[in-house]
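> Next come a sequence and a model predicted from it.
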Amino acid sequence: MAEFVVISVSGPPAARDAMRALRDDKHVVLLGGGVSLEEEIELKQAAAEREILLLGPGCGTAIIEGKGYGFANAVRRGPVGIVGTLGTGIQEVSCLVDEVGVSHALGVGPWDLSQKVDGLGTMGALKFLGEDESTKVIVVVALVPTTSVARRMLEAVKAVGKPAVVCFLGVGRGAQFPKGVVPAQTLEDAAAHAVALVEKREPREVTSTLSPEEVRKIAEREHRRFSYGQKYIRGLYSGEMLCAEAMVVMQGLIGDVRSNVPLKPRLRLPDPHSSRGHACVDFGAAELARGRHPVVDLGPRCERMLKEARDWETAVVLLDVVLGQGAHPDPAGELADAIAEAKKTAERGGGYLSVVASVVGTPKD
């Protein structure tokens, strides 16, 4: 196994220690944030010159040869290699491909596909997976980059020469992808295509323990309990990529969704502390984060759920529950109390609150 240095501190010390490790020709996993864009570019250029790997900064998830670093799930070893800009997206895909397994999951950080960084980390990760014999299928997941960066990354994925799936969340269905690179609209789609490529078959829909008819009956039952005027969906997410995926799905069903991390600039919430219309909020964003990551500290989301319940127009609250290494040890216990209180609050106002949770994890988590 190649030598990796894992750095979990933030700020200038992290950049300094990372550069020292790179100069010693060691791969670096930079889990912390607080690294300037200029420092990130300098570090990634140094890694590229030495043909070694720099993961991060600002993405607290990595799996290397079965070992998780930062926030990670207990997934089996297998042939799917994942490259992603944000941790929760990597976690969702790694869990959904657990049936075939993960070789490596490499987080390159939220700014890697910006115009200035220009995918330096992604290029390095693709090279690493391309040379890794255990990786047979590659999945790339990211928020939609600029057109020029997206085009360059797609060509880089194709050049690796391995079956690949790319999900740029927010890219329309009409986007052009190179031959041999499978486009995916959501993280769930990306995982389904990856498993299908491993098993050399057509992708199947994600299975459910409930039949479509049972799901429909539950939805109809919940809808009947709403009062007049209850009409909005409010999503409270711990990760930006899970938040973005929810908005991609929602906009195809209900139209515009506002957010502090919007799919389109015109849909930005004026105040992230107050929802308007249909809205999804990323609690990992700098303006809402209060020290600990929202995967660990559920308090701010529990407080916001009560606030949404007091809004007589709120009908549905969406949540993500992220399990695994580094996460809250009992998220269901803390959320259950908050959900019960939020439902009582809505009922006191003459309404009803429906809460839908998406769980990211594997049976071993």
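Sure, I can see it.
> tell me which element the residue sitting nearest the centre point of the chain falls in.
The centroid of the chain falls nearest to Gly89 when counting by C-alpha atoms, centre = their mean (2.2 Å). For Gly89, the enclosing helix or strand under DSSP states H and E is helix 87-96.
> following that helix, which helix or strand shows up next?
Next element after helix 87-96 (DSSP H and E): strand 102-107.
> what about stretch 310-327, how long is it end to end?
Terminal residues of stretch 310-327 lie 29 Å apart, using C-alpha to C-alpha, to the nearest Å.
> Now for the residue nearest to Gly239 when sequence neighbours are not counted, how many residues are close by?
Distance criterion C-beta to C-beta, 6 or more residues apart in numbering; nearest residue to Gly239, sequence neighbours excluded, is Thr88 at 2.6 Å. All C-beta spots, glycine's among them, are computed from the backbone N, C-alpha and C. Thr88 has 29 neighbours, counted by other C-beta atoms under 10 Å.
> Read off the pLDDT value for Thr88.
Note for Thr88: predicted pLDDT of 96.
> Distance of it relative to Leu263?
16 Å (C-beta to C-beta, to the nearest Å).
> still on that earlier bit, now the helix holding Gly89 - C-alpha only, CSV.
What follows is helix 87-96 as a C-alpha-only set of coordinates in CSV (Å, rounded to 0.1, in the frame of the first residue of the first chain):
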residue,chain,number,x,y,z
GLY,A,87,-18.5,13.9,1.6
THR,A,88,-22.2,13.2,1.9
GLY,A,89,-22.5,12.5,-1.8
ILE,A,90,-19.6,10.0,-1.6
GLN,A,91,-21.2,8.4,1.4
GLU,A,92,-24.5,7.9,-0.3
VAL,A,93,-23.0,6.4,-3.4
SER,A,94,-20.6,4.1,-1.4
CYS,A,95,-23.6,2.8,0.6
LEU,A,96,-25.7,2.2,-2.5
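> quick one on the thing from earlier: how near is the residue nearest to the centre of the chain to Ala46?
For Gly89, the distance to Ala46 - C-beta to C-beta - is 26 Å.
> Report how many residues lie close to Arg152.
Neighbour tally, Arg152, other C-beta under 10 Å: 17.
> who's in contact with it?
118-119 (C-beta atoms under 8 Å, 6 or more residues apart in numbering).
> in a helix, that's where it is, yeah?
Yes. Arg152: assigned to a helix according to DSSP: H, G, I helix; E, B strand; the rest coil.
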